[in-house]
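1. whatever this is, show me its structure:
(4 chains)
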2 protein chains.
Amino acid sequence: MTTPEPERDESEFLARYDPRDYDPVSVTVDVVALTIRDGALHVLLVRRGGPPYEGMWALPGGFVHAGGQAGADAEDLPDAAVRELAEETGLSAKGGVIGRVHLEQLGTYGAPGRDPRMRVISVAYLAFAPELPDPEAGGDAADAAWVPVGALGLTESAAQRPGTTRRLAFDHARILSDGLERARGKLEYTPLATAFCGGEFTIPELRSVYEAVWGEELHAGNFHRKVLSVPGFVESTGETSDRGGRRGGPRPRLYRPGDARLLHPALLRPSREEQIR
Amino acid sequence: MTTPEPERDESEFLARYDPRDYDPVSVTVDVVALTIRDGALHVLLVRRGGPPYEGMWALPGGFVHAGGQAGADAEDLPDAAVRELAEETGLSAKGGVIGRVHLEQLGTYGAPGRDPRMRVISVAYLAFAPELPDPEAGGDAADAAWVPVGALGLTESAAQRPGTTRRLAFDHARILSDGLERARGKLEYTPLATAFCGGEFTIPELRSVYEAVWGEELHAGNFHRKVLSVPGFVESTGETSDRGGRRGGPRPRLYRPGDARLLHPALLRPSREEQIR
DNA sequence: AAAATAGTGTCTCTGAGACAGTATGAG
DNA sequence: CTCATACTGTCTCAGAGACACTATTTT
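-> Numbering: from 1, shown residues only, chains lettered A, B, ... in the order given. Here you go, the predicted structure:
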């Protein structure tokens, strides 16, 4: 670790860590796939069919196709994330519904010991999906399901009664927590809430996305005016929904995602005063 | 790729990619270390002493100590970033100036072919440093220096005259570009501009940080009032600087970083209208 | 009929930005 | 002395949020 001769240390290190001879590192991709079901935020989880953490829930993921020496099967990291997502949901990767899923890199988790078997570096991706069918468990997964995020007891880390919390394998609770925080922030200054809706949606539907992700109710009237006032957020289709509100009310108008990539001004969440320090 | 039997495909894939037998992936850490020198944003670069890209400038970085089968020397990713930064700058990692450096993960770059030798996944880190001494080239680096970001011709990707741009090795131009954009955004809603200053600073010094990173001049009076109005951004020391402004004026007061971790309300850059779509 | 909802109008308060103005120190 | 600079005061305008109100649909 600490040597008085940096040059010797460096050359020694380079010789030792030439990956062609020595010291393998595994790289996996894990996906935090979020969607809205019944007005609640859900995450795609798989139940592990083998050790370690057998029987526990985990994020869908797997090894990146590295391509070996020839580099034949080498795949890019986002492609690996899409492939894992497609494998777990049973949907085809190219075209179709999965083409409408927003995917972005969340972060990389590589602490020693996070996988008890070996050194594993995991690149986590975050996906925002419209409502998808129930996944079909495949491969070594014993089960796969959309799980309500609220049922995992992640929000109040202190108030977790041990039996209440469904623990996640590896450091996936941390990854999911980071993904949720990223999602909450992204909804503030990007129009990505529309990625949770289908191709057409109403303003109240969009509001329910914000309420599900942020976990708090928003003022319907002010939200409505705000969304329409941000240039490029949504675009009217001219149509109206064929049903009124769930318990009455006029039929809301339909909108499409607009061409903005950033919301200006942003839609800030009400309760941020606490988390500033 | 597309097989009718997902179960066989998955188990086959798991057998093929068990990293203990097969298909090594290298993991490196690269650091985008930024600082302010003479009122201009600088990035720490090293000149490569060997192929590939021999003689070109690159971000400081190197292989992560994976720890082998036993996991003895395994290091965490942020530790690897600090180690690389310390090795390149010649500063000690524990304590001292490098302890004041802000470090955060930027992203992971793993496109096949980004390193011509083999499959390399690089975890990039972003560092905000106060003014540091000139680095000492060590190891296989032929040179190391703080380079003005403006001299690299990254801002206007179209208007690059070939001779003007100093190209960077690998995909480091992209990584640096992502780091700069992250830095610009971070200054908006976090107090991290203070990480570029020493322990004490004046409001005009803080403003010059914003101007260097954002590349545009700010209104001195409004900036002053704005910084003081954000709770927890800065904290008065009660002292005043021993010198006035560079070309006259009263002696500015001195401040310390406050306890806020987020700026509320945020300090938005003036010219964001263009980049929204 | 009753209740809930979609959408709009209006008022108030905060904050950003433009501008002016004063005091202070460098050259 | 001259000028740049630190800092404060003031004005205007945009936008967030609270509230009220109407029209429309479900139950």
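
2. what parts of the stretch 101-250 of chain A come near DNA strand C?
-> Contacts of the stretch 101-250 of chain A with DNA strand C, taken as C-beta under 7 Å from any atom of the strand, map to A:202-204, A:220-222, A:224-225, A:228, A:240, A:244-250. For glycine as for every other residue, the C-beta is placed from the backbone atoms N, C-alpha and C.

3. assumed residue A:35 was part of a strand.
-> Yes: assessed with DSSP: H, G, I helix; E, B strand; the rest coil, residue A:35 lies in a strand.

4. drop anything exposed from the residues of the stretch 101-250 of chain A next to DNA strand C.
-> A:202, A:203, A:224 (16 or more other C-beta atoms under 10 Å in any protein chain shown).

5. of those, closest to residue B:52?
-> Lowest distance from residue B:52 to these (C-beta to C-beta) belongs to residue A:203, with 53.5 Å.

6. which non-adjacent residue is nearest the closest one?
-> Spatial nearest neighbour of residue A:203, chain neighbours left out: residue A:224 (5.1 Å); criterion: C-beta to C-beta, 6 or more residues apart in numbering or on different chains.

7. which strands or helices does the helix or strand harbouring that neighbour pack on?
-> Per DSSP states H and E, residue A:224 falls inside helix A:220-229. Using 3 or more C-beta pairs under 8 Å, 6 or more residues apart in numbering or on different chains; DSSP states H and E, the elements in contact with helix A:220-229 are helix A:203-214.

8. now the angle from the lengthiest helix in chain A to helix A:203-214?
-> For chain A, the helix with the greatest residue count under DSSP state H is helix A:172-189. Using axes from the mean of the first three to the mean of the last three C-alpha atoms, to 10 degrees, the inter-axis angle of helix A:172-189 relative to helix A:203-214 is 140 degrees.

9. list the buried ones in helix A:172-189?
-> For helix A:172-189, by 16+ other C-beta under 10 Å, it's A:172-180, A:182-184, A:186-189.

10. kindly report the same for stretch A:103-123.
-> Applying 16+ other C-beta under 10 Å to stretch A:103-123 flags A:103-112, A:114-115, A:118-123 as buried.

11. what does stretch A:202-214 give?
-> For stretch A:202-214, burial by neighbour count (16+ other C-beta under 10 Å) applies to A:202, A:203, A:205, A:206, A:207, A:208, A:209, A:210, A:211, A:212, A:213, A:214.

12. taking the stretch 51-200 of chain A, what residue is nearest to DNA strand C?
-> Here the stretch 51-200 of chain A gets closest to DNA strand C at one residue, residue A:200, 12.5 Å apart by C-beta to the nearest atom of the strand.

13. secondary structure class for the residue nearest to that residue when sequence neighbours are not counted?
-> Spatial nearest neighbour of residue A:200, chain neighbours left out: residue A:254 (4.7 Å); criterion: C-beta to C-beta, 6+ apart. State at residue A:254, reduced to three classes by three-state DSSP: strand.

14. confidence score at residue A:254?
-> pLDDT recorded at residue A:254 is 98.

15. one more: residue A:2?
-> For residue A:2, the model assigns a pLDDT of 35.

16. likewise for the one 3 residues further on?
-> Looking at residue A:5, its pLDDT reads 38.

17. do residue A:245 as well
-> 80.

18. give the contact list for it.
-> When contacts are counted by C-beta atoms under 8 Å, 6 or more residues apart in numbering or on different chains, residue A:245 touches A:204, A:252.

19. which SS class is it?
-> Following three-state DSSP, residue A:245 is assigned to coil.

20. quick one, phi psi at it?
-> Backbone geometry at residue A:245, expressed as degrees, to the nearest 10, gives phi -60, psi 170.

21. pLDDT weak spots in the stretch 51-200 of chain A?
-> Across the stretch 51-200 of chain A, the ranges flagged by pLDDT under 70 are A:68-71, A:91-97, A:139-140, A:155-166.

22. break chain A into its domains for me.
-> What automatic domain parsing lists as the domains of chain A is A:23-186, A:190-276.

23. which one of the buried residues of stretch A:202-214 sits closest to residue B:78?
-> Proximity of the buried residues of stretch A:202-214 to residue B:78 (C-beta to C-beta) peaks at residue A:213, which lies at 28.4 Å.

24. might you report the residue contacts of the closest one?
-> By C-beta under 8 Å, 6+ apart, the residues touching residue A:213 are A:34, A:41, A:180, A:183, A:184, A:187, A:193, A:196.

25. equivalent analysis for residue A:44, please.
-> Residue A:44 makes contact with A:31, A:33, A:35, A:59-60, A:85, A:88-89, A:135, A:144-147 under the criterion C-beta under 8 Å, 6+ apart.

26. show me which pair in the residues you listed is furthest apart.
-> Comparing every pair within the contacts of residue A:44 by C-beta to C-beta identifies A:85 and A:147 as the most remote, at 15.4 Å.

27. hmm, back to that, would you list the buried ones among the residues of the stretch 101-250 of chain A next to DNA strand C in JSON lines and tack on pLDDT?
-> Putting these into JSON lines (pLDDT from 0 to 100) gives the following:
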{"residue": "A:202", "pLDDT": "98"}
{"residue": "A:203", "pLDDT": "98"}
{"residue": "A:224", "pLDDT": "98"}
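
28. measure residue A:234 to DNA strand C for me?
-> 11 Å (C-beta to the nearest atom of the strand, to the nearest Å).

29. tell me, how many neighbours does that residue end up with?
-> Neighbour count of residue A:234, defined by other C-beta atoms under 10 Å in any protein chain shown: 23.

30. could you do the one 4 residues further on as well?
-> The burial metric for residue A:238, expressed as a neighbour count using other C-beta under 10 Å, is 8.

31. equivalent analysis for residue A:49, please.
-> Counted by other C-beta under 10 Å, the residues lying close to residue A:49 total 13.

32. residue A:144 is in contact with that one, correct?
-> No: between residue A:49 and residue A:144 there is no contact under C-beta atoms under 8 Å: 10.5 Å.

33. hmm, back to that, which ones among the buried residues of stretch A:103-123 are found in strands?
-> Of the buried residues of stretch A:103-123, the ones assigned to strands by DSSP state E are A:103, A:104, A:105, A:106, A:107, A:108, A:109, A:120, A:121, A:122, A:123.

34. out of these, which are close to chain B?
-> A:105, A:107, A:108, A:121, A:123 (C-beta under 8 Å from any C-beta of the partner chain).

35. quick check, nearest of these to residue A:65?
-> residue A:123 (13.1 Å).

36. quick one: the closest one from residue B:213, how far?
-> Relative to residue B:213, residue A:123 is positioned 28 Å away (C-beta to C-beta, to the nearest Å).
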